[in-house]
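S.K.: Have a look at this prediction, sequence included:
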Amino acid sequence: MRCPYCGGLDDRVVDSRAAEGGQAIRRRRECSKCARRFSTREVVEEIPLMVVKRNGSREPFDLAKIVAGIERSCKNRPVPTEDVQRVARQMEARLRNTAAKEVDSRAIGLRVLAALRDLDEVAYLRFASVYKDFQRITDFQKEVGLLRKTSPPKSRRSANRTGSVTSPAAPPRPAGPAAQTGRDS
Ligand SMILES: [Zn+2]
């Protein structure tokens, strides 16, 4: 490391310690030429996640592109921006958690589709139409059929629609004679 005082290139490390909760190593160095001391900071170099596109070319993963894609599909739909951001960030975290340094763009598309299915059906169909390259109306009809088949059970959906986040998963215990039959007999 070049000495910031005299420009000398030879130094010795006099102290090393973990910093920033283990995210960095700080080293105290002493210049062999002028004997003045200075510090350096060592951090892990970010490992770039590359996206392999359909044509085989590669580009760095870009969260903004994912967000833009989801937002296009959610245009004029009642999907909060926070939900779009959250979905995109969760996806990035999962992709970065795998050891792989490359990810297929089609795999990203599938993850976006899965996330949109839970967010908004119209947004899902819009994204699917581009992702699956729909050519005719029957493609949409087929996809809607798939969507219906794989949708969660009705009870959960209606609960989500009303937005009653605090409502308990189980219905309240019925109050009345029916509920007490066990005790009274
Ligand atoms: Zn020096």
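M.R.: Good, I have the coordinates.

S.K.: How far away from the center of its chain is stretch 14-30?
M.R.: Counting by C-alpha atoms, centre = their mean, to the nearest Å, stretch 14-30 is centred 32 Å from the centre of its parent chain.

S.K.: ok, now stretch 51-62?
M.R.: Taking the mean of its C-alpha atoms, stretch 51-62 sits 18 Å from the chain's own mean (C-alpha atoms, centre = their mean).

S.K.: hmm, who's touching that stretch?
M.R.: Contact partners of stretch 51-62, identified using C-beta atoms under 8 Å, 6 or more residues apart in numbering, comprise Pro48, Leu49, Met50, Glu92, Leu95, Glu102, Val103, Asp104, Ser105, Arg106, Ile108. Placement of C-beta: from N, CA and C, glycine included.

S.K.: okay, now the fifth one: neighbour count?
M.R.: The one in question is Leu95. 18 (other C-beta atoms under 10 Å).

S.K.: Over to the third one?
M.R.: For Met50, the neighbour count with other C-beta under 10 Å is 14.

S.K.: and it, what does it touch?
M.R.: With contact taken as C-beta under 8 Å, 6+ apart, Met50 is in contact with Arg58, Glu59, Pro60, Phe61, Lys101, Glu102, Val103.

S.K.: distance of it from Asp104?
M.R.: Computed with C-beta to C-beta, to the nearest Å, the distance linking Met50 and Asp104 is 10 Å.

S.K.: What of the second one?
M.R.: According to C-beta to C-beta, Leu49 and Asp104 sit 12 Å apart.

S.K.: show me which of the contacts of stretch 51-62 neighbour the ion.
M.R.: Of the residues in the contacts of stretch 51-62, proximity to the ion by C-beta under 5 Å from the ion holds for none.

S.K.: Secondary structure and pLDDT for those - can I get that in TSV?
M.R.: Supplementary listing: those in TSV, determined by DSSP: H, G, I helix; E, B strand; the rest coil; pLDDT from 0 to 100:
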residue	secondary structure	pLDDT
Pro48	coil	81
Leu49	coil	87
Met50	strand	91
Glu92	helix	86
Leu95	helix	84
Glu102	strand	89
Val103	strand	90
Asp104	strand	90
Ser105	helix	89
Arg106	helix	87
Ile108	helix	89
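
S.K.: Good, we can wrap up now.
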